[in-house]
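> okay, here's the prediction I keep looking at, along with the sequence it came from:
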Amino acid sequence: MLRIVLFTWFILCCIAGGIAFSMEELSPSEIEMDSQSRANKEAEFIKYRNLGQYDKAIAILEELIHSFPLVVGYYIDMGDTYLQGLDRPKEAIKYFWKVVELNPDLSYIYAYIALCYERLGELEEAKKFYQKSLEFSTNLYWFSFAKSHLLAIKLAQESFFVTDWYVIGPFSYELERGLDTVYPPEKDVKLDSVYEGDIGLVTWSKIIPSENLGYVNLNSMFSPNDNTIAYALTYAYSAEDRTIEVRIGSDDGVMAWVNGKMVLKREVFRTASLDQNIVRTRFSKGWNMILLKIAETSGSWGFYFRITDMQGFPIEDIVFDTERDEVRAKNVIKDIHARRMLELAGIGLIVVIAGVFISWVFVYLGIRIYQKIETRRMQQRFMLNVSHELKTPLTAMQISVETLQQSRIKDPEKNRRYLNHISGQVSILTQFIENILSFSKIKRGVREYDLKKQDIVEIVKESIAFFSTAYIEKTPNIKSTFGTSPVYVNIDKDAIIHVVLNLLNNAHHYSDKNQPIDVIVRCEPKTRYAVIEVVDRGIGIPRKEIKRIYGEFYRGKRGSGYWSKGSGLGLALTRYLVKAHKGYIEVQSTINKGSRFIVRLPLYEQ
């Protein structure tokens, strides 16, 4: 039970931190409880918390807080128990504010406060504190957590989540069997049926959707709400046969069926977040039935659910309706199609008027409008890809850490490889976040440069060494060519390392991993420039795309035709940094043969 183990570890860390925090300021009331009694109380709290006996857990915490009022961890535990266990965010937030009073520098407490406001439906306050958590967070998990919930709130406010459901439960959740226990709702869905539940007879009931809340909170609907299972049912009307993506985030285990076919089964212990599971399936023209089975051990209980196209964008002409009102569904879709036709007609009229009167002005405006629409789409892709780019290495590190924690690997060499893998993933995350932060500083005009006389050869060598550590399992094949003499330039070292790393990452990403990457550093005395070249033998860049590759949020397509992963900021940031050094960058590329990026920086002048 991963979440329980992590929770226990968190409790012990908080206790240890609390002891260190309060050793020098103990008052007489704080020493009324001896160390053994305190340890016993803490163990009892963990036991009752994991069993879902929250009232007893809270009573023990109250005793501990009375005796040790300066221990921050006890207030965090109390707030978490009220929030995740009892679903009482109003009480929880009081304890989190107490933590702020005791230790305002504890950055992740603002994420807890934001989650309380989110559960209360005060989304503007939630966004404010998630943003504050992002600004002060030094922990990648909490950074990802706040970023994911900010995006979820944005999607919820734009009504992109499905909140129209019938639900039924609770049914008993047997940990030994997990989700394998089959209850009547998944055998034959009949809304008028009555079943034997965990505490008696249960029937389907329709939930009242919460305005602007994408999270379906089962904790507030059922009692008991620990070690239980509930089912959720809805129907979707599709205007055509199509392939779609089902995106689910759930507290603990989840199963999903589409039109009676199981498309997802995950036995997990976790806290619900945006798009934790993504599966592709088919919708038929007409009504499609969606059935979810959501399990819960202890703590919070609920889920996020949405449908997107293959690129992760919402699909307008799919209508969700638990009552299967086909007339309404067809009218909604008809209105959507009519609006699209009007939009197209309006654009056509503008084009005609532009051609008759001042065509060149309207053509210019049309290009500007298209660019804004394209930029918005790129920004949407950027938000989705940031979540993915953060989640992928975090998941890889989590798997490696769990493997090491459980002592499955006895071979020291394999242990070293796992640690090297974690180190590599950290390097990838560091470079990814540094790109985003640097780009943000440049756009806000606050990026400062520490220009010094530097040997560009040594800086490039250092960049290559750092880049190779990120791919320790399969080191990139980099061939470097340097002269025998130093090449001095007046530069900011960190900025130029960013430039080289972005070019190496670009070459590595768009190349066959077996092909070498050439890195050349040379001096051009006649032009008074130092030259850095990064050459790959990859897929190349179409001529019509070359002018766009330095655009913000732009990502090229791989040979398969799919958008490549990444933030779309690497080359844009590279160009900004090079121009800041009074240099310039160019590219020479041939389809299916590769690309050569050339950076020229002025030589150091006495």
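Here it is on my side, so go on. Numbers count the residues shown, from 1 in each chain.
> and Ile31, what pLDDT?
On the pLDDT scale, Ile31 is placed at 46.
> then Glu552?
Predicted confidence (pLDDT) for Glu552: 65.
> got the contact list for Thr590?
Contacts for Thr590 (C-beta atoms under 8 Å, 6 or more residues apart in numbering) come out as Gly540. Backbone N, C-alpha and C define where each C-beta goes, glycine included.
> low-confidence ranges in the stretch 51-200 of the chain?
For the stretch 51-200 of the chain, the stretches with pLDDT under 70 are 156-159.
> show me the helices in it, by range?
54-67, 72-80, 89-102, 109-120, 123-136, 140-157 (DSSP state H, counting those that start in this stretch).
> nearest to Ser172, out of the ones you listed?
Closest to Ser172 of the helices of the stretch 51-200 of the chain, according to C-beta to C-beta: helix 54-67, at 19.1 Å.
> what separates the closest one from the chain centre, distance-wise?
Between the centre of helix 54-67 and the centre of its chain there are 35 Å (C-alpha atoms, centre = their mean, to the nearest Å).
> so which elements touch it?
helix 35-51, helix 72-80 (3 or more C-beta pairs under 8 Å, 6 or more residues apart in numbering; DSSP states H and E).
> buried sites along that helix?
54, 57-58, 60-61, 63-65, 67 (16 or more other C-beta atoms under 10 Å).
> next one: stretch 119-138
Here stretch 119-138 shows 119, 123, 126-127, 129-130, 132-134, 136-137 as buried, counting by 16+ other C-beta under 10 Å.
> do the same with stretch 284-304
Those would be 287-288, 290-304, for stretch 284-304 by 16+ other C-beta under 10 Å.
> spatially nearest residue to Lys582 (excluding sequence neighbours)?
Once flanking residues are discounted, Lys582 sits nearest to Pro602: 5.5 Å by C-beta to C-beta, 6 or more residues apart in numbering.
> same for the strand or helix carrying that neighbour, what does it pack against?
Assigned by DSSP states H and E, Pro602 belongs to strand 594-602. The contact analysis (3+ C-beta pairs under 8 Å, 6+ apart) places strand 594-602 against strand 488-491, helix 493-509, strand 529-535, helix 570-580, strand 584-590.
> what average pLDDT does it get?
pLDDT averaged over strand 594-602 gives 93.
> tell me the angle it makes with strand 584-590.
Put simply, strand 594-602 runs at 160 degrees to strand 584-590, going by axes from the mean of the first three to the mean of the last three C-alpha atoms, to 10 degrees.
> pull the number of nearby residues for Lys579.
11 (other C-beta atoms under 10 Å).
> the one 4 residues further on now?
Counted by other C-beta under 10 Å, the residues lying close to Gly583 total 21.
> that one and Tyr237, how far apart?
Between Gly583 and Tyr237 the computed distance is 57 Å (C-beta to C-beta, to the nearest Å).
> hmm, back to that, which of the buried residues of stretch 284-304 fall within strands?
287-288, 290-296, 302-304 (DSSP state E).
> let me have the residues you listed in TSV, adding pLDDT and distance to Asp325 as columns.
TSV is the format used below for these (pLDDT from 0 to 100; distance: C-beta to C-beta, whole Å):
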residue	pLDDT	distance to Asp325
Trp287	92	10
Asn288	94	15
Ile290	93	16
Leu291	94	19
Leu292	94	21
Lys293	92	26
Ile294	90	26
Ala295	89	31
Glu296	83	32
Gly302	85	26
Phe303	88	24
Tyr304	87	25
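> which one of those residues is nearest to Arg88?
Using C-beta to C-beta, those come closest to Arg88 at Gly302, 14.6 Å.
> low-confidence stretches in the stretch 501-606 of the chain?
For the stretch 501-606 of the chain, counting by pLDDT under 70, the residues that fall below are 513, 552-569.
> and if we set it to 90?
For the stretch 501-606 of the chain, applying pLDDT under 90 flags the ranges 501-502, 504-516, 524-527, 537-581, 589-594, 604-606.
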